[in-house]
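J.: Based on what follows, work out the 3D shape:
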Amino acid sequence: MRRPQEGAKEIRLFGEKSVREEAYRQKILQLEKEMSRLEAIAKSSDPSASLDTVSESSPVHLEGLYHDSLLSFDKKVKKEHDFLERRASEIVERLNLYGQQIISNIDSTFHRKLKWLTVSGILAMAVFVILISAVIFSRDVPLTGGGSIFAAKDTGYIDEAEVLHKRLSYIKKALETQTVYRNQYSVDYIDLLSGIYIAKIELNFLPTDRWSLNKLSSDLVKVFSRYNKTLPAEFSFSYDGKTYLKVSISGSPQKAQHLYYF
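T.: Numbers count the residues shown, from 1 in each chain. Got it, this is the predicted structure:
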């Protein structure tokens, strides 16, 4: 391997200077510029330095003005922050007062409604008890003409015959007034014998077919069943002394059986 000759010279690209020398020169110039800039900055930031020591070519620095503006901006921000905190505290206090007022109103309204419901419930229970007592005492004896079973309490006992008579009168009146065909018949009598209701119905027309007589008797039995749910019954339908139909009611539930005589 060949060694470079000891007396060999470097290639000259910049006149009498080599590439290495030119690079060193450029680096030295750059470092000198950087040191000059740092010295200018140090002199401008030194409060003891006089204005004459700063070169005219040195740039004017606004760091002091910027610092003052930052302090002024901080003061304004803090002042605005304090104002917003006071406003927030006032709003929260007002909301708390408003919420307490609403809760107080709701509480008073609830107590008024609860009191009203309690009084209403007591009154309703009292009325209910009175009605139940009245029904219990009067359910077996429906009376008409202004009479009342409670009038018998003055004598200390209830006359069973009088009660039965009033019940029969009440049922007879219902049969004469509450049926659809009430103008086509009349009730001669109704009685209770050995636990069986016996009734005689006098027709106002001569029956010629079973269909019309069945409609009339079914309507009359329907009205009678409103006042009698347990005891059996027997109805006779007659015209001019002759019986044309007998209806027997019995069973539980009660059913009507029709027996025709024509």
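J.: Low-confidence ranges, the stretch 51-200 of the chain, go.
T.: By pLDDT under 70, the low-scoring segments of the stretch 51-200 of the chain are 51-74, 135, 137-159.
J.: And the helices in it?
T.: 63-138, 160-177 (DSSP state H, counting those that start in this stretch).
J.: could you dump the shortest one to CSV, C-alpha only?
T.: If I follow you right, that is helix 160-177. Only the C-alpha atoms of helix 160-177 are listed here, as CSV (Å, rounded to 0.1, in the frame of the first residue of the first chain):
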residue,chain,number,x,y,z
GLU,A,160,-144.5,-10.1,63.7
ALA,A,161,-148.0,-10.1,62.2
GLU,A,162,-147.8,-6.3,61.6
VAL,A,163,-144.4,-6.7,59.9
LEU,A,164,-145.7,-9.5,57.7
HIS,A,165,-148.7,-7.5,56.7
LYS,A,166,-146.6,-4.5,55.7
ARG,A,167,-144.2,-6.7,53.7
LEU,A,168,-147.1,-8.3,51.8
SER,A,169,-148.6,-4.9,51.2
TYR,A,170,-145.3,-3.7,49.8
ILE,A,171,-144.9,-6.7,47.5
LYS,A,172,-148.5,-6.3,46.3
LYS,A,173,-148.0,-2.6,45.5
ALA,A,174,-144.8,-3.5,43.5
LEU,A,175,-146.6,-6.1,41.5
GLU,A,176,-149.4,-3.6,40.6
THR,A,177,-147.1,-0.7,39.6
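J.: what comes up buried for that helix?
T.: Lys166, Arg167, Leu168, Tyr170, Ile171, Lys172, Ala174, Leu175 (16 or more other CB atoms under 10 Å). To be clear about C-beta, it is placed using only N, CA and C from the backbone, and glycine gets the same treatment.
J.: And for Leu192, the neighbour number?
T.: Here the count is done by other CB atoms under 10 Å, and Leu192 has 17 residues near it.
J.: Equivalent analysis for Leu213, please.
T.: Neighbour count of Leu213, defined by other CB under 10 Å: 21.
J.: now the buried residues of helix 160-177 in TSV, with distance to Val221?
T.: Putting the buried residues of helix 160-177 into TSV (distance: CB to CB, whole Å) gives the following:
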residue	distance to Val221
Lys166	22
Arg167	18
Leu168	17
Tyr170	17
Ile171	12
Lys172	15
Ala174	12
Leu175	10
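J.: Let me know the closest of those to Thr118.
T.: Tyr170 (41.5 Å; CB to CB).
J.: Look up how far Glu80 lies from the closest one.
T.: Counting by CB to CB, to the nearest Å, the gap from Tyr170 to Glu80 is 94 Å.
J.: what sits up against stretch 226-234?
T.: 142, 170-171, 174, 192, 195-199, 224, 246-250, 252, 254 (CB atoms under 8 Å, 6 or more residues apart in numbering).
J.: Quick check on those residues: which are buried?
T.: The neighbour-count criterion (16+ other CB under 10 Å) marks Tyr170, Ile171, Ala174, Leu192, Tyr197, Ala199, Phe224, Lys246, Val247, Ile249, Gln254 among these as buried.
J.: Return the set of buried residues in the host helix or strand of Leu213.
T.: Applying DSSP states H and E as the criterion places Leu213 in helix 210-225. Neighbour-count burial for helix 210-225, with 16+ other CB under 10 Å as criterion, is recorded at Leu213, Leu216, Ser217, Asp219, Leu220, Val221, Val223, Phe224.
J.: Would you mind putting those residues into JSON lines with distance to Ile103 and pLDDT alongside?
T.: Output for these, formatted as JSON lines (distance: CB to CB, whole Å; pLDDT from 0 to 100):
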{"residue": "Leu213", "distance to Ile103": "77", "pLDDT": "94"}
{"residue": "Leu216", "distance to Ile103": "72", "pLDDT": "95"}
{"residue": "Ser217", "distance to Ile103": "72", "pLDDT": "94"}
{"residue": "Asp219", "distance to Ile103": "66", "pLDDT": "94"}
{"residue": "Leu220", "distance to Ile103": "68", "pLDDT": "94"}
{"residue": "Val221", "distance to Ile103": "67", "pLDDT": "93"}
{"residue": "Val223", "distance to Ile103": "63", "pLDDT": "94"}
{"residue": "Phe224", "distance to Ile103": "65", "pLDDT": "94"}
